Structure formats: C-alpha cells, structure tokens
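Participant: give me a model of this one.
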Amino acid sequence: MKLPKLTPRLKLIASLVPHGATVADIGTDHAYIPVFLINSGVCHCAIAADILDGPLKSAVDTIQLYNSADKVKVVKSDGFLSLPAGEFDTAIIAGMGGTLISKILEDGKIVAKSVKHLILQPMTAVYELRKYLYENGFEITEEHLIKEGDKLYNVIVAAPSVDNKPVEKIDEVIHFHVGKHLAKHRPQLFAEYIERLMAKFETKLAGLHLGTAEELDSAISMAEQILEKLEELL
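Facilitator: Next comes the predicted model:
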C-alpha cells in the first residue's frame, strides 16, 4: 500500500498512535498522518478534521490520491466541537502553538476527556501547555524530542487523569519548563534541549538586568534559580 512521505516530526507522532486505535487528527492540514496510519495498517478508520476549507480540500486530495476515502472521514470542525465523544479513542493536535492547543482542549474538554490518548505537538508555548494539562485533569504519560533541520520539537502524550490519584509534588522547573519525562529518561537530544532552554533564560536574564526597578528583583531571582537547576540537569 502506497504511503505518504512523513517528515521526522510527523513520523514520530504517527509512531505514538497505538495499533488498532481510532484516530481524530485535529487541524489535519493535508491529512498525511491519518492516511499514513490507515495505509500502514495501524488504524482501520480515522477522522481528518480542520476548521478551514483550504486544508480540508488538501486533505480530500491526499485521501483520494492514496485511495483511503473509505476509511478516512473528513470533518469540518473547530477543534473537538463537531466531533462527538465515542467516535475515536486517540486524538492528535500537532503543528500549532501550545496556547491554541490548550484552548482546543478547554473548549472541547468533554470530548477530550473521553479519549484514551492525546498526542500533542506544540510549536511554541510548551511550558504553558504542560501547565494547562496539569491544572485541568490531564496527565502527561510520555514526552519525546525530535529534530528537523535546526529546530527541536516536543511531542507530548497525555491522558485524562485517574480519579483519586495521589497529588504529585510539583517542581515548577522539572514539570513545566523541562518536562518530567524528559528529565527522567534523558533522550538523545536532551543535552541540546537543556542548552537551548538555558540560552533562552540567559537572554531573558540579560534583558532583566537592563531594568532598574525594584519589582524586577523577583523576576531576576526566578530566572537565576531556573538557570541553576538547568545547569544541574546537564
């Protein structure tokens, strides 16, 4: 069966979908991942969803090109809002900012809480997404790093939190800035990832030192503490 060629980022996302899952790809664009999953035998059916007509047209073209029209359903939907609960057990939201991903989850929380696996790939605002998940009843079960060109991407797997699970003591740096699974498992790109985070906070710290107001003191102290912990992780 002919397969669309996936970039390393999309290939990693596809590899995290459980065999036999029913998938909804939110913001599908060209529907490369749903078609890949169907034609590789990972999934028997999938939904390609997007809010814009242009991407939906591209999705239809891809589905027809790869002879997948009988197994990939195209749906116009603003996030989860036109996708009823129970039609899929795995959702992919990839290639958009972490703040937008958080909004999609919040607006469609009833449906989002009905799935077993959320595969999330934020382009920005990874800290904000991790924090949103923790504060809104989702648990991060895996996190991975992938590099394309000179860009490093995070891919997060999450699920609805188990009721009555013991409350975890949160370390702001480890859980939200770095990612506890990355800190624990230290994948191949971990050192480069930490170095990039350090460079970000060093730039922020340098900018803070340009100010003279006393209210900057706490922000400077926080940035210094984060940098110290990142250095320890290296």
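Participant: ok, and for stretch 99-114, which residues are buried?
Facilitator: Within stretch 99-114, the residues that count as buried by 16 or more other CB atoms under 10 Å are 100-102, 104-105, 108, 111-114. Backbone N, C-alpha and C define where each C-beta goes, glycine included.
Participant: meant to ask about stretch 27-47, not that
Facilitator: 27-39, 42-43, 45-47.
Participant: dump the buried residues of stretch 99-114 into TSV; add distance to D70, pLDDT and secondary structure as well.
Facilitator: Putting these into TSV (distance: CB to CB, whole Å; pLDDT from 0 to 100; DSSP: H, G, I helix; E, B strand; the rest coil) gives the following:
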residue	distance to D70	pLDDT	secondary structure
L100	31	98	helix
I101	30	98	helix
S102	34	98	helix
I104	28	98	helix
L105	30	98	helix
G108	27	97	coil
V111	24	97	helix
A112	27	97	helix
K113	30	96	coil
S114	25	96	coil
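Participant: can I get stretch 116-133 as PDB, trimmed to CA atoms?
Facilitator: Extracted C-alpha coordinates of stretch 116-133, given in PDB (Å, rounded to 0.1, in the frame of the first residue of the first chain):
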ATOM      1  CA  LYS A 116      -7.500   7.400  25.900                       C
ATOM      2  CA  HIS A 117      -4.600   9.200  24.200                       C
ATOM      3  CA  LEU A 118      -3.800  12.800  23.300                       C
ATOM      4  CA  ILE A 119      -0.800  13.200  21.100                       C
ATOM      5  CA  LEU A 120       0.200  16.900  21.300                       C
ATOM      6  CA  GLN A 121       3.000  18.600  19.300                       C
ATOM      7  CA  PRO A 122       3.200  22.300  20.200                       C
ATOM      8  CA  MET A 123       5.300  24.600  18.100                       C
ATOM      9  CA  THR A 124       5.600  27.200  20.900                       C
ATOM     10  CA  ALA A 125       4.400  27.700  24.500                       C
ATOM     11  CA  VAL A 126       5.400  24.200  25.700                       C
ATOM     12  CA  TYR A 127       5.600  25.400  29.300                       C
ATOM     13  CA  GLU A 128       2.000  26.800  29.100                       C
ATOM     14  CA  LEU A 129       0.700  23.600  27.600                       C
ATOM     15  CA  ARG A 130       2.300  21.400  30.300                       C
ATOM     16  CA  LYS A 131       0.900  23.700  33.000                       C
ATOM     17  CA  TYR A 132      -2.600  23.600  31.400                       C
ATOM     18  CA  LEU A 133      -2.600  19.800  31.300                       C
END
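Participant: contact partners of whichever helix in the chain runs longest?
Facilitator: Ranked by number of residues, the top helix in the chain under DSSP state H is helix 190-209. With contacts defined as CB atoms under 8 Å, 6 or more residues apart in numbering, helix 190-209 is touched by 145, 147, 152, 177-178, 182, 216, 219-220, 223-224, 226-227, 230-231, 233-234.
Participant: filter those to the buried ones?
Facilitator: By neighbour count, with 16+ other CB under 10 Å, those hold 145, 177-178, 182, 223, 226-227, 230, 233 as buried.
Participant: for the residues you listed, point out the one with the lowest pLDDT.
Facilitator: Minimum pLDDT for the buried ones among the contacts of helix 190-209 is recorded at A223 (83).
Participant: quick check: T28 vs I140, distance?
Facilitator: Separation of T28 from I140 (CB to CB, to the nearest Å): 23 Å.
Participant: oh sorry, the question was meant for H177
Facilitator: Taking CB to CB, one finds H177 at 13 Å from I140.
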